[in-house]
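1. give me a 3D structure for the following:
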Amino acid sequence: MTIGEACRIRIQQLCSERGITLNKLAITSGITQSTLNNIMSGRNKSTTVSTIKKICDGIDISVLDFFSSDIFADLEQEIK
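-> Predicted coordinates for the structure are as follows:
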């Protein structure tokens, strides 16, 4: 799994846990709906740390909490 795929899955998990939609996440995070749609559809393959931080702020967790999921344990080598 790539970092982009892992981030996408983690965002879905967090939204599901909190019962919020992607639209609500975009609003509370201060990122555009199109940016979030691009992340979630896979068009954006490398989400910036700044965007992840905004998402974390929008759902009131730390960046450490975001990346503490086991989903990030076995990422693929990005440089081939």
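2. longest helix anywhere in this protein?
-> helix 3-18 (DSSP state H).
3. who's in contact with that one?
-> Contacts to helix 3-18, defined as C-beta atoms under 8 Å, 6 or more residues apart in numbering, come from residues 1, 21-22, 25, 39-40, 42, 44-47, 52, 55, 59, 61, 66, 69, 71-72, 75, 78. All C-beta spots, glycine's among them, are computed from the backbone N, C-alpha and C.
4. following element in sequence after it, please.
-> Following helix 3-18 in sequence order, the next helix or strand is helix 22-29 (DSSP states H and E).
5. just the buried positions in that next one, please.
-> Residues of helix 22-29 classed as buried by neighbour count (16 or more other C-beta atoms under 10 Å): 25-26, 29.
6. for stretch 1-10, same thing?
-> Residues of stretch 1-10 classed as buried under the neighbour-count rule (16+ other C-beta under 10 Å) are 4, 6-8, 10.
7. pLDDT and distance to E17 added to the residues you listed, as JSON lines?
-> Below are the buried residues of stretch 1-10 laid out as JSON lines (pLDDT from 0 to 100; distance: C-beta to C-beta, whole Å):
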{"residue": "G4", "pLDDT": "90", "distance to E17": "21"}
{"residue": "A6", "pLDDT": "94", "distance to E17": "16"}
{"residue": "C7", "pLDDT": "95", "distance to E17": "16"}
{"residue": "R8", "pLDDT": "95", "distance to E17": "15"}
{"residue": "R10", "pLDDT": "97", "distance to E17": "11"}
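8. closest one of these to Q33?
-> R8 (15.5 Å; C-beta to C-beta).
9. and the angle for the longest helix of the chain with helix 22-29?
-> 90 degrees (axes from the mean of the first three to the mean of the last three C-alpha atoms, to 10 degrees).
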